[in-house]
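Have a look; sequence and predicted model below, questions after that.
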Amino acid sequence: MAGIWQQFKEDVEQEWERWNMKKETDNPIVSLNRYIKEAERETEKVSRLTDRQRRLVEEFQHEQDEAESMLDKRKQQASVVKHYEENELYEIALREIEQYGDRAQKLATMKKEAEEQLQTLERRYQEMVYKLKDMRLKRMEWMGRENVARANHNITKLYEESGRSPEARFKEVEQYLESMEQHHQQEYEHSTFDERVARLEKRKTEAEQEKA
């Protein structure tokens, strides 16, 4: 029995999930919201990649500066040891001059490639930001149109259920209130008339009693 109940629950949950998916498919705004969220996540990823690439360019520049600094230093040292005819030190200086020169050149090339990649990422990021803004504006436009469509649907539904427009209902209420006002006004006038006549009759009776 428990197994049958569990299977029933799973079937109901699956059917509910399919129904919700169908609702989302039928509603383009729901689909757009889902797409916007995905686009926001991808845009954030590109933003982080752009930041990483920018730091990479800075690291290449730092390494290049160090290599060029060491290259200048070894050139000066080579000039000194050559002047004093220190051949062994001079040969070491020449080897390191070549090594630092190659390193500085390679780093310059790598930095240039990284800068070009950074420009591509920045351009791509800006494109994604603009597209994301356009999608948000489109969502606002669709939401406005949906609001109008829902209002029209509700009004149409109201007409169909009542067979009359709201204006006709309001007119009936207005006529009812006017009728009540007229009725109360007539009652007030009758009451006032009776009171005035009663006072006159009382005065007449008092006058007759005084004569008697």
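Looks like it came in fine.

element containing the spatially most central residue of the chain, please.
Nearest residue to the geometric centre of the chain (C-alpha atoms, centre = their mean): Arg136, 6.5 Å. For Arg136, the host element (DSSP states H and E) is helix 87-162.

what separates that helix from the chain centre, distance-wise?
Averaging C-alpha positions (C-alpha atoms, centre = their mean, to the nearest Å) puts helix 87-162 18 Å from its chain's average.

what pLDDT, on average, does it get?
Mean pLDDT, helix 87-162: 89.

Repeat that for stretch 67-82.
95.

chain center to that stretch: distance?
On C-alpha atoms, centre = their mean, the centre of stretch 67-82 falls 59 Å from the chain's centre.

what's the answer for stretch 27-45, then?
10 Å.

Contacts made by it with the rest, please.
Residues from elsewhere that reach stretch 27-45 (C-beta atoms under 8 Å, 6 or more residues apart in numbering): 23-25, 125, 128-129, 131-132, 135-136, 138-139, 142-143, 146. All C-beta atoms are positioned from the backbone trio N, CA, C, and that covers glycine.

Counting neighbours, which of those residues end up buried?
125, 128, 135, 139 (16 or more other C-beta atoms under 10 Å).

Could you dump these into JSON lines with distance to Leu107 added?
Shown next, in JSON lines, are the buried ones among the contacts of stretch 27-45 (distance: C-beta to C-beta, whole Å):
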{"residue": "Tyr125", "distance to Leu107": "26"}
{"residue": "Met128", "distance to Leu107": "31"}
{"residue": "Met135", "distance to Leu107": "41"}
{"residue": "Arg139", "distance to Leu107": "47"}
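
one step back: just name the closest of the contacts of stretch 27-45 to Val46, please.
Nearest to Val46 among the contacts of stretch 27-45, counting by C-beta to C-beta, is Tyr125 at 4.8 Å.

I'd guessed that closest one sits against Ser47; true?
Yes. Because the distance of 6.0 Å satisfies C-beta atoms under 8 Å, Tyr125 is recorded as touching Ser47.

Which secondary structure state is assigned to Glu85?
At Glu85 the chain is in coil, as set by DSSP: H, G, I helix; E, B strand; the rest coil.

Need phi/psi at it.
The phi/psi pair for Glu85 (degrees, to the nearest 10) reads phi 60, psi 40.

ok, now Tyr84?
phi -90, psi 10.

since we're on it, how many residues are nearby?
Neighbours of Tyr84 under the rule other C-beta atoms under 10 Å: 9.

and the helix holding Arg136, what other elements does it pack with?
When contacts are defined as 3 or more C-beta pairs under 8 Å, 6 or more residues apart in numbering; DSSP states H and E, helix 87-162 sits against helix 28-83, helix 166-211.
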